[in-house]
Structure formats: C-alpha cells, structure tokens
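Q: Sequence and predicted structure, then a few things I'm wondering about:
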Amino acid sequence: MNGPITTPTTPTTPPADARLPERSPLAPAPGTVIGSHYDECFGCGPHHPQGLQLTAVAGEHLDVTAQFTVKPAHQGGPGLAHGGVLVTAMDETLGTLNWLLGAPAVTGRLETDFVRPVPVDSVLHIHARVTGVHGRKVYSAAEGRIGGPDGPVAIRAQALFIQVKLEHFTTHGRPEDVQKILDDPDQIKRARAFEVNP
C-alpha cells in the first residue's frame, strides 16, 4: 500500500526581501506588440489553428496587457470557455512579462481563481505585472476581464516563474522542433536577445 500523497507548495507571493528590478534595456518599448516566442505555441503562436493566438502589448513599467477571443474550439461547458484554456491564457500572459526582464523563464507554479464564466465569442482582457524578483524567481500577478479592459473580473492568477538558460529548451525540446527554431533567423534573433543575461 502506498503512503499519503504529499504535494510540496511554493508560494506565489514574493518574499519580503524580493525586489522590483529595472526594465531590461532590450525590453520591447511601451505600446509595442510582443511577438510570439514560437509560431506553433498553443498560447501565442499565430500558426496554431486551435490555439489562443493571444496577443500581448508591453506596458509602461513591468506590466503587459493581452487579449484573446474565446472560440468554439476553446469551450468546456456549452458556450463557455474551458477553465484550462483560461488558465493557459493567464500563464501565457504572465510568461510574456519575462520579455521585459530580458531573461527566459518557465512556469514553476500558477494559482488561479475563477470569478465568473467566460462565454464563447467574448474577448478576455488580461493585465499582468511583475510583483517581485528574488534570485532566479520571478513573481507575478494578473487579472482577466470580460466586456472590456475595465469590465468585470473573470479570472485572477498569481505565478512563480524560474529563470533558465536557453539550454533548458534545446536540451528538453523535441529535436525536430528545436531544429525548426534554429533554422529560422527571426526565431534565432528573438532567442539571442535573451542570451545577454545569466
């Protein structure tokens, strides 16, 4: 017989000695659309037919805004967005914050609160911000609203991202997809922007 399952928890609230870093000099300018990190990404890739095709825009500080339209392929309950799809939208937007820091990072923990249903054909407006950095840990939070950027909150999230080196992706990614990126000069240019950081 197996023992009880224990799940380690990592808080998504920054510790007291976390800091808000400076925006990277290589960060997209405020108001700039942040391009997809990978064209086939389910969250932001423009070539993923069933993906969110989420677009994000750099904010003035350590923040971004993003939006995506809930399509019929994204539904869970009849006419409503699947909760997992909404979580994916939050994760994608929170991950986009790392472009402002100039360092690649992966999701370590993501906590979400579902506040109200999101109907198919509605637009989810997301605002995300960095709340602190502690070593390689990046803490962030976001809200997703429907009916406009100032509409009612539908979902909230807090996340912990861990900064990694680019080798994380080339070592663990499927070889043919890694090669596809290496063969694309635009993708390499985006990756090289991160290489100046430890």
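A: Received it, and whenever you're ready, just let me know what you need. Numbering: from 1, shown residues only.

Q: Every contact and neighbour count from this point should use C-alpha atoms.
A: Fine.

Q: Please give the element, helix or strand, for the residue nearest to residue 142 when sequence neighbours are not counted.
A: Spatial nearest neighbour of residue 142, excluding adjacent residues (CA to CA, 6 or more residues apart in numbering): residue 128 at 4.0 Å. If you go by DSSP states H and E, residue 128 is part of strand 123-134.

Q: angle of the helix or strand just after that strand against strand 123-134?
A: Using DSSP H and E, the helix or strand that follows strand 123-134 in sequence is strand 137-146. Note on geometry: by axes from the mean of the first three to the mean of the last three CA atoms, to 10 degrees, strand 137-146 and strand 123-134 are set 160 degrees apart in direction.

Q: elements contacting strand 137-146?
A: Packing partners of strand 137-146 (3 or more CA pairs under 8 Å, 6 or more residues apart in numbering; DSSP states H and E): helix 83-96, strand 123-134, strand 153-163.

Q: What are the contacting residues of the strand holding residue 128?
A: 14-15, 17-21, 62-70, 90, 93-94, 97, 118, 138-149 (CA atoms under 8 Å, 6 or more residues apart in numbering).

Q: Also compute the angle for that strand relative to helix 83-96, please.
A: Orientation check (the same axes, to 10 degrees): strand 123-134 against helix 83-96 gives 50 degrees.

Q: centre of the chain versus strand 123-134, how much separation?
A: Offset of strand 123-134 from its chain centre (CA atoms, centre = their mean, to the nearest Å): 9 Å.

Q: ok, now stretch 130-137?
A: Relative to the centre of its chain, stretch 130-137 is centred 15 Å away, using CA atoms, centre = their mean.
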